[in-house]
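>>> Any chance you could fold what I've pasted below:
(one chain, ligands or ions: 1)
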Amino acid sequence: MSNLSPVDRAKFIAARRACDYVEDGMKVGLGTGSTAAWMVRQLGEMVREDGLRIKGVPTSSRTAHLARETGIEVISLDEAKWLDLTIDGADEFDGDLALIKGGGGALLQEKIVATASDRMVVIADAAKEVQALGAFPLPVEVVPFGWQTTKALVEETLAGVDVLGREATLRISGDGPYVTDEGNYILDLALRRIGNPWQTSLVLNQIPGVVENGLFVDVCDVVVIGRPDGVVEVRDVENGASTQRVDILGEDANLFADE
Ligand SMILES: O=C[C@H](O)[C@H](O)[C@H](O)COP(=O)(O)O
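Numbering: from 1, shown residues only. This is a model prediction of the structure:
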């Protein structure tokens, strides 16, 4: 563990802390990305070593694979119907706990799963916090049919929205377009600053060809922010600005000890 980079330590610490929200018997949405992967590994360890009984609903094929590998029982969202909790990462979060997600291309399943959960807990390192969303390009999932027409319509529509930029770029992987788990493409929008995330999200989702966008507004309940020194900050939407600071290294001083 001591070999982790500072940012990976921060992600690990946030993920570890967020696992405290998981109780025996819960149905848990499992997010996607490098931060969420720490959470899946940690939950897997709790299943294998502490006998924790949970059912996990993954938000991507990558997470499904990892969850099975770690020993978590995987079920589909339709089998679960409703979830107690989803834990996921984010690309950006603001003071209202609005998020940009989808940097890893999993925004569609992530939004469906988070919306079908009693509670969404986001895990992040401190660098993900922003005053206003939009520095991170906003991922928008579009159907392949007519994607260039959809792209032009997205850019045109953004002229009427409170954002600073509107250039859309097709996400590429290898020699061709990046293809999501649902067989769609991703447009990354360089909006630079999103004045009204809720309005932007609604406007984008009205455009034919757009399947979903990576703005999560009024979805996240708690953000757990990890720092490389072991301090965790928890922001809870119900308690407004109140924060809780927990020194994970203090709880477990050997966590980063050389093995
Ligand atoms: O599509 C991917 C997800 O929205 C991720 O949760 C997000 O991109 C954050 O990923 P990471 O934890 O790797 O920064």
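>>> alpha carbons only for contacts and neighbour counts from here, please
Noted.
>>> which parts of the stretch 1-150 of the chain sit against the ligand?
32-36, 88-91, 101-107 (CA under 6 Å from any ligand atom).
>>> Just the buried subset of the residues you listed, written out for ChimeraX, thanks.
In ChimeraX, this line selects whichever of those come out buried by 16 or more other CA atoms under 10 Å:
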select :32,33,34,35,36,88,89,90,91,101,102,103,105,106,107
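>>> Among the residues of the stretch 1-150 of the chain next to the ligand, which one lies nearest to residue 26?
residue 88 (15.8 Å; CA to CA).
>>> Can you verify my assumption that the closest one contacts residue 34?
No: contact between residue 88 and residue 34 fails when scored by CA atoms under 8 Å: they sit 9.8 Å apart.
>>> residues in contact with residue 222?
By CA atoms under 8 Å, 6 or more residues apart in numbering, residue 222 lies in contact with 97, 120, 121, 122, 234, 235, 236, 237.
>>> That one and residue 96, how far apart?
Distance of residue 222 to residue 96, given as CA to CA, to the nearest Å: 10 Å.
>>> Inside strands: which ones of the residues of the stretch 1-150 of the chain next to the ligand?
The strands, defined by DSSP state E, take in residue 88 from these.
>>> thinking again about what came up before, pick out the most distant pair among the contacts of residue 222.
120 and 234 (12.9 Å).
>>> so which of the residues of the stretch 1-150 of the chain next to the ligand would you say is closest to residue 186?
Using CA to CA, these come closest to residue 186 at residue 105, 7.2 Å.
>>> what about the stretch 151-259 of the chain, any weak spots by pLDDT?
Counting by pLDDT under 70, the stretch 151-259 of the chain shows low-confidence ranges at 240-259.
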